[in-house]
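J.: Here is a sequence with its predicted model. Questions after.
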Amino acid sequence: MTSVTIDRVHLRQVNLPPKVKRTDAIQSFVTQETILLTLFCSDGIQATGYAYTIGTGGSSVVALLKDHLVQRLLGQNPVHIEAIWKDLFFHTHATAVGAMTSLALACVDTALWDWRAQSQQLPLWQLLGGAQHKVPLYTTEGGWLQLSTEVLVEQTLKAKEEGFKGAKIKIGRPHVSEDVARLSAVRDAVGPGFEIMTDANQGFHRAEVVRRAKAFEGLDLAWLEEPLPAEDVSGHRHLREHTSIPVAVGESMYHPMQFREYLEQGACSVVQPDVARIGGITPWIKTAHLAETFDVPVCPHFLMELHVSLCAAVPNATWVEYIPQLDDITHSRMKVQDGFAYPPDTNGLGILWNWDAIEKRQQIYLEINHAT
């Protein structure tokens, strides 16, 4: 059998403004810099992977791919996903573990998995395990920190009416009483059967987060997300020892071993790996199965169009986060019904790219082959 080879690569950056204003305790979501990497293989398959930033660094990710990674892909057999990931990881070891390198690796790795699933004529979620055919869905699009309590209640009630099974509320107002008032108003409005997730975006210090967690007791919160800087593992463990509210972490972690440290120390109740920030599907799946061995659920951050397939692939994924991300540059939409997200049945990643829209919006376009 003739080996397949990667013959050329296209790189693009497309900037997508958010549909609504998005602010949290430490930042604003200015624009989504979407980096697309397309492999053209000798078997005729075109496979596309992607990653993103929330406003800065996109061109740096493209430069890292162009200058250091893509040339190492040319001529490679795309079936060797593990070997390629490890080769690229160690080739960029001086800049790992960290966001820029992981985002670049994710572009390559998601494209390779798109190729493998297409070559096997399977949807990604079935290729990776096919553990469940639907996953509960919660929304983050109505819970941003700048919203008034009245608007917050209105939008959360609307989410409940639309069938969502939960909603995320950003916390981190200047005084604990403000957060309590907002959360209490939402809980009173939606009743006891609707899940409320909270997200601090690493905005608290140790003493303050224990104080706020104590004030939140009785509101039946699904979790307290990123309460402290992601590097503070012992601080998260300390918080878990002082609250009954589940503690969720993961979107600001860039390697499975960082999750291992949290799990070994009992410092989290929920893991939230982001497939782009952890370096792709290969490390995401490893992290999900690692969490399964600790009987810890996986509820990934953002990227719903890809995470719906990854969640369906593993048995311990309990939520998909609803934040539409790719509507302006795709023909496909995530299937949602009765509060559940359904993985696509099309082969590969299941994302149908709108190349005409992409070409009109792209900020960067590069074609790389052996001659360059």
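T.: Great, that's in hand.

J.: Only C-alpha atoms from now on, for both contacts and neighbour counts.
T.: Noted.

J.: For the stretch 151-300 of the chain, which segments count as strands?
T.: Along the stretch 151-300 of the chain, counting by DSSP state E, counting those that start in this stretch, strands occupy 166-170, 195-199, 223-225, 247-249, 270-271.

J.: Remind me what the shortest one packs against, helices and strands.
T.: When contacts are defined as 3 or more Cα pairs under 8 Å, 6 or more residues apart in numbering; DSSP states H and E, strand 270-271 sits against strand 247-249.

J.: What strands line up against the strand it packs on, and which way round?
T.: strand 223-225 (parallel), strand 270-271 (parallel) (DSSP bridges).

J.: Name the surrounding residues that touch that strand.
T.: Residues from elsewhere that reach strand 247-249, judged by Cα atoms under 8 Å, 6 or more residues apart in numbering: 223-227, 230, 236, 240, 267-272.

J.: what's the pLDDT at His301?
T.: You'll see His301 listed with a pLDDT of 96.

J.: For it, which non-adjacent residue is closest in space?
T.: Nearest non-adjacent residue to His301, counting by Cα to Cα, 6 or more residues apart in numbering: Asp274, 5.0 Å away.

J.: List the residues that contact that neighbour.
T.: Here Asp274 is in contact with Gly250, Glu251, Trp284, Pro300, His301, Phe302, Leu303 (Cα under 8 Å, 6+ apart).

J.: swap the cut-off to 6 Å and go again
T.: Each residue near Asp274 by Cα atoms under 6 Å, 6 or more residues apart in numbering is listed here: Glu251, Pro300, His301.

J.: Most neighbours among the residues you listed, which one is it?
T.: Within the contacts of Asp274, Pro300 tops the neighbour count with 27 neighbours, counted by other Cα atoms under 10 Å.

J.: ok, how many other residues are close to the closest residue to that residue other than its chain neighbours?
T.: Distances taken as Cα to Cα, 6+ apart put Gln272 closest to Pro300, at 4.1 Å, once the chain neighbours are dropped. Gln272 is flanked by 25 other residues according to other Cα under 10 Å.

J.: Can you list the low-confidence ranges for the chain?
T.: 1, 20-29, 371-372 (pLDDT under 70).

J.: can you list the domains in it?
T.: According to automatic domain parsing, the chain comprises the domains 6-121+355-369, 125-342.
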